[in-house]
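> here's my sequence, what's the structure:
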Amino acid sequence: MKKIIIGIILLMVALGLPLTSHAIGLEVALGGWSQKPQGDIGYKPVTPDDSLDLERDLKYDTEFRLTGRVKIDMPMLVPNIYLMGTQCEFDGTGQKNVNFKFGEETFSANVDFYSKVKLNHYDIALYYGIPLLKTATVSTINVDLGLNVRIFDFKAEVRQDSTGIEESKSLTVPIPMAYVGLQFTPIEKIAIEMEGRGISYSGNSLISLIGRIKFKPMGPFFLAGGYRYDKIKIDEDDVDADVKFHGPFAEIGMEF
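Here you go, the predicted structure:
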């Protein structure tokens, strides 16, 4: 995951820097997100006992994970591009006071089990700014609207060493979403930004909200911090998850 994000950013910088004189803007950022997990997950659940609570049953705690993003402002009628990668992984040793099923296996009550859940995801958005709004507000306010595809790289595994039982499930799911972004720049060195991505369909729903304050100390460099909230409810390929991750994040980046 880290290699993928860093590789994307370095590639886009290499490709983008020579193009800035041709009205193409580039923003790259690398940071970390403190993710607090909540909710439950199941694989082929039959009864409510088969849903595993991330905090109570799996004993997951807040984790600091890597994020990276690239924004490319294209000229004329070509849609702008927004790429983002987010690492989201948890593991721990938990226990339940009842037997539970995960996939085709039944795990024993009151016996420790190890689990790992990976929900890494990659966003690809195409968007346009509202015409003339930035010009009318003297580059103070800008609003972007577009479409986003979030690709989930999901894997969950449960292993109970004392009984020799283990089960796992991998899944790749692309989910189309609406995208909206707001940038407010009251002074040259400070920007306040908000991003929203979301969709709801067939009992599935996904909401991703980001609030960011950006400080530009010198040249193209900036420091940023904010808060991110993701809520995911999916029922795909026998995986039933209703989870959310939220917490503060920090970034360092460059704008050209």
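
> in the chain, where is pLDDT below threshold?
1-23 (pLDDT under 70).

> that one: strands as residue ranges?
25-43, 52-53, 63-73, 80-86, 89-94, 100-102, 105-107, 113-129, 141-160, 165-187, 190-201, 204-218, 221-236, 239-255 (DSSP state E).

> export the ones you listed to CSV and tack on mean neighbour count and distance to Thr135?
Every C-beta, even on glycine, is put in place using the N, C-alpha and C of the backbone. As requested, the strands of the chain are arranged in CSV below (neighbours: other CB atoms under 10 Å; distance: least, CB to CB, whole Å):
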stretch, mean neighbour count, distance to Thr135
strand 25-43, 20, 15
strand 52-53, 22, 51
strand 63-73, 20, 14
strand 80-86, 21, 16
strand 89-94, 16, 43
strand 100-102, 22, 56
strand 105-107, 18, 61
strand 113-129, 19, 10
strand 141-160, 18, 10
strand 165-187, 15, 13
strand 190-201, 16, 17
strand 204-218, 16, 21
strand 221-236, 17, 23
strand 239-255, 18, 19
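
> bridged to the closest residue to Ile81 other than its chain neighbours, which residues?
Nearest non-adjacent residue to Ile81, counting by CB to CB, 6 or more residues apart in numbering: Ile72, 4.3 Å away. Going by DSSP bridges, Ile72 is paired in beta bridges with Leu26, Ile81.

> distance of the nearest residue to Tyr179 once chain neighbours are set aside relative to Asp40?
Of all residues not flanking Tyr179 in the chain, Asn148 sits nearest, at 4.1 Å (CB to CB, 6+ apart). Here the distance between Asn148 and Asp40 works out to 26 Å (CB to CB, to the nearest Å).

> and Ser139, by the same measure?
Here Ser139 is placed at a distance of 46 Å from Asp40 (CB to CB).

> Ala224 now?
Distance of Ala224 to Asp40, computed by CB to CB: 32 Å.

> check Gly219 too.
Taken as CB to CB, the span from Gly219 to Asp40 is 47 Å.

> ok, now Lys71?
The gap separating Lys71 from Asp40 is 34 Å, by CB to CB.

> one more: Asp123?
Taken as CB to CB, the span from Asp123 to Asp40 is 24 Å.

> contacting residues for the spatially most central residue of the chain?
Centroid-nearest residue in the chain, with CA atoms, centre = their mean: Thr86, separated by 4.6 Å. Residues in contact with Thr86 (CB atoms under 8 Å, 6 or more residues apart in numbering) are Trp33, Arg65, Thr67, Asn120, His121, Tyr122, Asp123.

> now swap in Ala224 and tell me
Contacts of Ala224 by CB under 8 Å, 6+ apart are Ala29, Gly31, Arg212, Ile213, Lys214, Phe215, Ala250, Glu251, Ile252, Gly253.

> now these as a markdown table including distance to Ile232?
Output for the contacts of Ala224, formatted as a markdown table (distance: CB to CB, whole Å):
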| residue | distance to Ile232 |
| --- | --- |
| Ala29 | 23 |
| Gly31 | 21 |
| Arg212 | 21 |
| Ile213 | 25 |
| Lys214 | 26 |
| Phe215 | 31 |
| Ala250 | 23 |
| Glu251 | 22 |
| Ile252 | 27 |
| Gly253 | 26 |
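
> quick one: the residue nearest to the centre of the chain and Asn99, what's the gap?
34 Å.

> again with Lys134
59 Å.

> and if you look at Asp40?
Noted for Asp40: a distance of 17 Å to Asn99, by CB to CB.
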